[in-house]
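>>> Pasting the sequence and the predicted coordinates here, then a few questions.
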Amino acid sequence: QVQLVESGGGLVQAGASLRLSCIVSGRPFDQFAMSWFRQAQGKEREFVAAIRWSGDATYYGDSVKERFTISRDNAKNTVYLQMNSLKSEDTAVYYCGLDRQRRRSVTSTSRSAYQYWGQGTQVTVSS
């Protein structure tokens with residue numbers, strides 16, 4: 001059984017930082033790309049960041065470039081999202097996703113490429 005469990009969300013003021021974590025079980029973590037998406041109330045789920053299965057390439061949505069950093073620790077089966085300089089528009093539920101394809105050569109930023117999802121963690125940024 002594949003499980004993804006996010007943590008680290010919370011309520012912070014604009015300009016603050018948070019680090020989200022997502023622990024994966026039930027798959028050989030180091031064989032799959034990982035992603036973070038977010039969904040604000042009343043909006044579609046939006047791509048935030050992704051990291052290649054090998055960890056040697058990262059991808060970001062335009063709205064979070066230069067502020068957010070995705071990383072992975074394969075020894076801990078964990079993917080992280082370091083979020084700096086948070087803005088009110090970053091308020092959303094954040095979800096981590098596990099790629100449906102093992103060792104995908106080009107990491108996808110499309111929601112449909114990710115088969116398994118965590119339950120989400122709420123991030124609220126007050127202005």
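Perfect, thanks for sending it.
>>> tell me the contacts of the residue nearest the centre of the chain?
With distances taken as C-alpha atoms, centre = their mean, residue 36 lies nearest the centre of the chain, 2.1 Å away. By C-beta atoms under 8 Å, 6 or more residues apart in numbering, the contact list for residue 36 reads 20, 22, 48, 49, 50, 70, 79, 81, 94, 95, 96, 97. (C-beta placed from N, C-alpha, C; glycine too.)
>>> same thing with residue 118?
The neighbourhood of residue 118, defined by C-beta under 8 Å, 6+ apart, consists of 4, 5, 6, 22, 95, 96, 97.
>>> swap the cut-off to 6 Å and go again
Contact analysis of residue 118 by C-beta atoms under 6 Å, 6 or more residues apart in numbering lists 4, 5, 6, 22, 95, 96.
>>> Out of these, list just those in strands.
Mapping the contacts of residue 118 onto strands (DSSP state E) picks out 4, 5, 6, 22, 95, 96.
>>> hmm, which two among these are most spread apart?
Farthest apart among those by C-beta to C-beta are 5 and 95. That separation is 11.3 Å.
>>> These two: who's more crowded?
Legend: neighbour count by other C-beta atoms under 10 Å for residue 5 and residue 95, higher for residue 95 (23 against 14).
>>> what residue ranges in this structure score low on pLDDT?
Residues of the chain meeting the criterion pLDDT under 70: none.
>>> Make sure residue 30 is indeed in a strand.
No: Residue 30 is assigned helix when assessed by DSSP: H, G, I helix; E, B strand; the rest coil, not a strand.
>>> Phi and psi next, for the residue nearest to it when sequence neighbours are not counted.
Nearest non-adjacent residue to residue 30, counting by C-beta to C-beta, 6 or more residues apart in numbering: residue 74, 4.2 Å away. Here is the backbone geometry of residue 74 (degrees, to the nearest 10): phi -70, psi -30.
>>> No further questions, thank you.
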